[in-house]
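Undergrad: Have a look at this fold, sequence not included:
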């Protein structure tokens, strides 16, 4: 798979990326675990060729995060790779620290570690651990990570990490102990709140759920797009219900159209680009696009190409002026 012919002239592959080294816009690839290793490599190359600054991926029960990151980094030349939800119950802090420093040695400046407090079901039923209070457990993990003694010769503990954060307590911890936070699947209004908690200098990376339609005038296509957006919103709801209830959505389980629209950008590429700009206006430094498709098992490269026509070049968006970017 080669997408070089589709690379926007305004976003050459060798262009420097602003916004803390991540670029303005990235891709959140949620379905890499459904692809074979050769398909994963081709997907990473496509994201790079299309001019996106960062490729994000989660860790649940598929590939181990650090090994997945190595595959992605080896398949690309300059793309930043971010393990956006590295499960802290999946490896002890010493192992995590050694793995991060190993990737930093092999691919200097291109790996961003995003730590995630996991879910009780994953931590206990799948991994056999006791699930502790999220913020306190994360703080203890960070303490041990900073003290981890092992790694390649000549490397030191790297501060190049963010915390996957939804609630204000985790955001505050991210401001204190990491470069910043990554927030997935929340409305634009919450981006403003997250920026206020993090302060002006911390990195705020937003992941926006989105469904790309084809033709707004096509009633059937519009209905399919709306239904898929509702499905994506329903999947995101369990971890966000309480936060949404206290922020203008008193009955989130009803999944009314206002809530679906707030959680999921859906429609034409122009509609998704508008939502990206809204996040920048609200204080985001970087926005990654979590493109929801009807089923797993493929990389939505054609859809990424359609979005790349509007999104990857940083000059297309008004961004915050961030010290150190």
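TA: Perfect, thanks for sending it. For clarity, every value in this text was computed on a predicted model and none was experimentally measured. Numbering: from 1, shown residues only.
Undergrad: Do a quick rundown of the helices in the stretch 151-300 of the chain.
TA: 168-177, 188-198, 219-236, 241-245, 257-263, 269-281 (DSSP state H, counting those that start in this stretch).
Undergrad: Against which helices or strands is the shortest one packed?
TA: By that I understand helix 241-245. Using 3 or more CB pairs under 8 Å, 6 or more residues apart in numbering; DSSP states H and E as the contact test, no helix or strand touches helix 241-245. The C-beta positions use only the backbone N, C-alpha and C, and glycine is treated the same way.
Undergrad: how about it: buried residues?
TA: By neighbour count with 16 or more other CB atoms under 10 Å, helix 241-245 contains the buried residues 243, 244.
Undergrad: Turn the helices of the stretch 151-300 of the chain into TSV, including mean pLDDT and distance to residue 50.
TA: Compiled in TSV, those are given as follows (pLDDT from 0 to 100; distance: least, CB to CB, whole Å):
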stretch	mean pLDDT	distance to residue 50
helix 168-177	96	29
helix 188-198	97	24
helix 219-236	91	22
helix 241-245	93	32
helix 257-263	96	25
helix 269-281	95	13
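Undergrad: Quick one: these as a markdown table, columns for distance to residue 126 too.
TA: Shown next, in a markdown table, are the helices of the stretch 151-300 of the chain (distance: least, CB to CB, whole Å):
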| stretch | distance to residue 126 |
| --- | --- |
| helix 168-177 | 21 |
| helix 188-198 | 29 |
| helix 219-236 | 19 |
| helix 241-245 | 22 |
| helix 257-263 | 26 |
| helix 269-281 | 32 |
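Undergrad: Can you give me the buried ones in stretch 204-224?
TA: 204, 205, 206, 207, 208, 209, 210, 211, 212, 213, 222.
Undergrad: quick one: which of the helices of the stretch 151-300 of the chain is nearest residue 77?
TA: helix 269-281 (25.0 Å; CB to CB).
Undergrad: Going by distance to residue 285, which of the buried residues of stretch 204-224 wins?
TA: Relative to residue 285, and with distances defined as CB to CB, the nearest of the buried residues of stretch 204-224 is residue 204, at 5.3 Å.
Undergrad: tell me the least confident of the buried residues of stretch 204-224?
TA: Lowest in pLDDT among the buried residues of stretch 204-224 is residue 222, which has 84.
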